[in-house]
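*Asks:* Have a look; sequence and predicted model below, questions after that.
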Amino acid sequence: MKSFTYERADTLARAAAASAKPGTKVIAGGTNLLDLMKLQVESPSQLVDINRLPLDKIEDTPEGGLRIGATVRNSDLAADPRVRRHYGVLSRALLAGASAQLRNKATTGGNLLQRTRCYYFYDVTKPCNKRNPGSGCAALGGFNRVHAILGASDQCIATNPSDMAVAMRALDASVETVNAKGESRVIPIAELHRLPGNTPQIETTLKADEIITAVTLPPPPPGVQIYRKVRDRASYAFALVSVAAVVEASGGRIRSARLAFGGLAPKPWRVPQAEEKLAGASANADTINVVATAVLDGARGYGSNDFKIPLTRRTLRAVLAEATGT
Amino acid sequence: MDENKGDRFRVRRREVLTAGAAAAAVCFTGLPVVAQESGRPDAETAPGLVTVDLQVNGQPYVLSLDPRTTLLDALREHLALTGSKKGCDHGQCGACTVLLDGRRINSCLTLAVMHDGQAVTTIEGLSDSGTLHPMQAAFIEHDGFQCGYCTSGQICSATGMLDESRAGMSSYVTKNLAQARPELTDVEIRERMSGNICRCAAYPNIVAAIKQAAGLPT
């Protein structure tokens, strides 16, 4: 690990101002950042620790939703009785991620900002446009089993590894930030992560001096909530494909559906046109085929990850069968 | 006094290093030599070091550390508490699991300096004046290990896991998340312990040991 100076932030504004300095990184749980620092994928010259800032509360909002502080631990969020009862898709997605030890440490804000688990991003001896812009992408012609089939570019085919963010995308969460001047901003979660295009090193729409302070959930949506994760082993592995679903249905007919996908793209993936095709439809094989085709519009494999296309169809079918009891 | 205890351990370790292949071993710690001498009176003025108060197994310690020092390295290299193991050093194996303010974490993936003022319990702190913790006794009774390298992490993790279960926490395999206190079945135990890898594959015996410690029929 490269040498750095350590500072404990005593106010949000100071933390935001410090984070704008080149070479400075904000640390909360640190479970991803320190891992990357050990490998020198990240080598900040200064760490600003925000763990002692009062960002660790889960509060009811006047609208009937929840406001989750940025340093609320993943385990605490998953275990909150309100989340377990009203936002089951979020609780399940959190519990699907990492291990209990990591969830006790990892935070809400950090989970949103975690980096890809692309093998080549982690291997500093290999070219990677995300780690070293302009150096090329070793995944394109390499082992790309875990890589994106949607939203990628010829510069980068890395996926976003978060489960939590996929559930939050299905729940239409919004992200609150504060900057060095103390100004706050609300970003719909759909707009937090960027697609790689020609600048895969820029992963979010956050400004340099902006810190995530909270994630707000709207009131619980009606319907069944499901998080289904398909992976190489039963526990403690990243998603090959995951689906966060909120489905209102009765008698096999779907009234409304929200479907967010993980493991497929550089950000949690949601296709409104696909969801519209489900409204008022019965969840039969024909409907599911049409919907899956709409979800996979523009999808392409890169060799080792071709399987993700049929796997997405099958996972979607299983989720809709569970949601409609068919 | 407690500081002295840390110093005594450190000196002993330094002697071992000097007697052995000192140069190579010191390099492997990844820390500048000055950080290893942090108990010296001039340590606090040494450039780049930070002072960290840690309560470890009920004892207060004041350490002067390079900010890069992970909690695991602070425990092993500075306090000579070598029960917590360094397996992968990337949070994947669980051998370094300790309890931080009662909650299980990977001590390899956090910096000691982030935990100033907090309480850490390691495997050395679980037993009570020579009497084994029930989880330790159960691991012995059920032969929950072969080589033993993962065992201290398994036992610390299992202890934290039972506290989570008693607090009513659910897991990915809990069918009804809204259920106040999910039953601790074998499937639940396996899912909740998935952050601890055992290369000897002593898993069936680990599950049996945990069930005994939880007061469940084995």
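*Replies:* Yep, it's here.
*Asks:* can you count the residues close to the nearest residue to A:Gly151 once chain neighbours are set aside?
*Replies:* Excluding its sequence neighbours, the residue lying closest to A:Gly151 (C-beta to C-beta, 6 or more residues apart in numbering or on different chains) is A:Ala265, at 3.8 Å. C-beta: built from backbone N, CA, C; applies to glycine. The number of residues packed near A:Ala265 is 23, by other C-beta atoms under 10 Å in any protein chain shown.
*Asks:* Look up how far chain A lies from B:Ile155.
*Replies:* Distance of B:Ile155 to chain A, given as C-beta to the nearest C-beta, to the nearest Å: 13 Å.
*Asks:* I'd assumed that residue was in a helix, is it?
*Replies:* Yes. Counting by DSSP: H, G, I helix; E, B strand; the rest coil, B:Ile155 falls inside a helix.
*Asks:* quick one: it and B:Ser127 touch, right?
*Replies:* No. Under the criterion of C-beta atoms under 8 Å, B:Ile155 makes no contact with B:Ser127, lying 10.3 Å away.
*Asks:* Common neighbours of those two, please.
*Replies:* B:His133, B:Gln136 (C-beta atoms under 8 Å, 6 or more residues apart in numbering or on different chains).
*Asks:* out of those two, which sits in the busier spot?
*Replies:* B:Ile155 (27 against 13).
*Asks:* Where do the helices of chain B begin and end?
*Replies:* When assigned using DSSP state H, the helices of chain B occupy the ranges B:2-19, B:22-29, B:33-36, B:71-73, B:134-141, B:151-166, B:186-192, B:203-213.
*Asks:* need the residues of the stretch 51-200 of chain A near chain B, please.
*Replies:* A:51, A:75, A:78-79, A:84-85, A:88, A:91-92, A:95-96, A:98-102, A:104-105 (C-beta under 8 Å from any C-beta of the partner chain).
*Asks:* Which of these fall in helices?
*Replies:* Filtering those for helices - DSSP H - leaves A:75, A:78-79, A:84-85, A:88, A:91-92, A:95-96, A:100-102.
*Asks:* PyMOL command for the buried members of these?
*Replies:* The PyMOL selection below is limited to those of these classed as buried (16 or more other C-beta atoms under 10 Å in any protein chain shown):
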select buried, chain A and resi 75+78+79+84+88+91+92+95+96+100+101+102
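*Asks:* which ones are touching the nearest residue to B:Leu177 once chain neighbours are set aside?
*Replies:* Leaving out its chain neighbours, the residue that sits closest to B:Leu177 by C-beta to C-beta, 6+ apart is A:Arg84, at 4.5 Å. Contact partners of A:Arg84, counting by C-beta under 8 Å, 6+ apart, are A:Ala78, A:Ser91, B:Ser170, B:Leu177, B:Ala178.
*Asks:* can I get these in TSV with distance to A:Tyr227 and pLDDT?
*Replies:* As requested, the contacts of A:Arg84 are arranged in TSV below (distance: C-beta to C-beta, whole Å; pLDDT from 0 to 100):
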residue	distance to A:Tyr227	pLDDT
A:Ala78	11	98
A:Ser91	8	98
B:Ser170	13	98
B:Leu177	10	97
B:Ala178	15	93
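*Asks:* Nearest to A:Val146, out of the residues you listed: which one, please.
*Replies:* A:Ala78 (23.7 Å; C-beta to C-beta).
*Asks:* Please verify my assumption that the closest one contacts B:Gly168.
*Replies:* No. Look at A:Ala78 against B:Gly168 with C-beta under 8 Å: they stay out of range, at 12.0 Å.
*Asks:* among the helices and strands of the chain, which has the poorest mean pLDDT?
*Replies:* No chain in the question, so chain A it is. helix A:12-19 (a mean of 93; mean pLDDT, DSSP states H and E).
*Asks:* Please refer instead to chain B.
*Replies:* helix B:22-29 (a mean of 34).
*Asks:* relative to its centroid, which residue of chain A is most remote?
*Replies:* For chain A, the C-alpha farthest from the mean C-alpha position belongs to A:Gly251; by C-alpha atoms, centre = their mean, that distance is 32.6 Å.
*Asks:* which sections of chain B are below the confidence cut-off?
*Replies:* Applying pLDDT under 70 to chain B flags residues B:1-46.
*Asks:* What residue in it comes nearest to chain A?
*Replies:* Nearest residue of chain B to chain A, counting by C-beta to the nearest C-beta: B:Gly195, 2.6 Å away.
*Asks:* which residues does A:Thr177 bridge with?
*Replies:* A:Thr177 has these beta-bridge partners by DSSP bridges: A:Arg185, A:Ile212.
*Asks:* so it touches A:Ser184, yeah?
*Replies:* Yes. In this structure A:Thr177 lies within contact range of A:Ser184 using C-beta under 8 Å: 6.5 Å.
*Asks:* Looking at the two, which has the bigger crowd around it?
*Replies:* Neighbour count, other C-beta under 10 Å: between A:Thr177 and A:Ser184, A:Thr177 has more, with 22 against 12.
*Asks:* What strand or helix carries A:Ser235?
*Replies:* Following DSSP states H and E, there is no helix or strand that holds A:Ser235.
*Asks:* Just give the nearest non-adjacent residue to it, would you?
*Replies:* B:Ser194 (3.7 Å).
*Asks:* The one you found: neighbour count?
*Replies:* By other C-beta under 10 Å, neighbour count at B:Ser194 equals 21.
*Asks:* which ones are touching it?
*Replies:* B:Ser194 touches A:Ser99, A:Ala100, A:Ala234, A:Ser235, A:Tyr236, counting by C-beta under 8 Å, 6+ apart.
*Asks:* which residues does B:Thr110 contact?
*Replies:* A:Gly30, A:Thr31, A:Leu34, A:Lys105, B:Thr70, B:Leu71, B:Leu100.
*Asks:* How much space separates the residue most central in space within chain B from B:Ser157?
*Replies:* What sits nearest the mean C-alpha location of chain B, by C-alpha atoms, centre = their mean, is B:Val98, with 3.0 Å. Note on B:Val98: its distance to B:Ser157, by C-beta to C-beta, to the nearest Å, is 9 Å.
*Asks:* Name the residues contacting each of those two.
*Replies:* With C-beta under 8 Å, 6+ apart as the test, B:Val98 and B:Ser157 both reach B:Arg104.
*Asks:* Going along the chain, name the helices of the stretch 101-250 of chain A.
*Replies:* For the stretch 101-250 of chain A, the helices defined by DSSP state H, counting those that start in this stretch occupy A:108-113, A:119-122, A:164-170.
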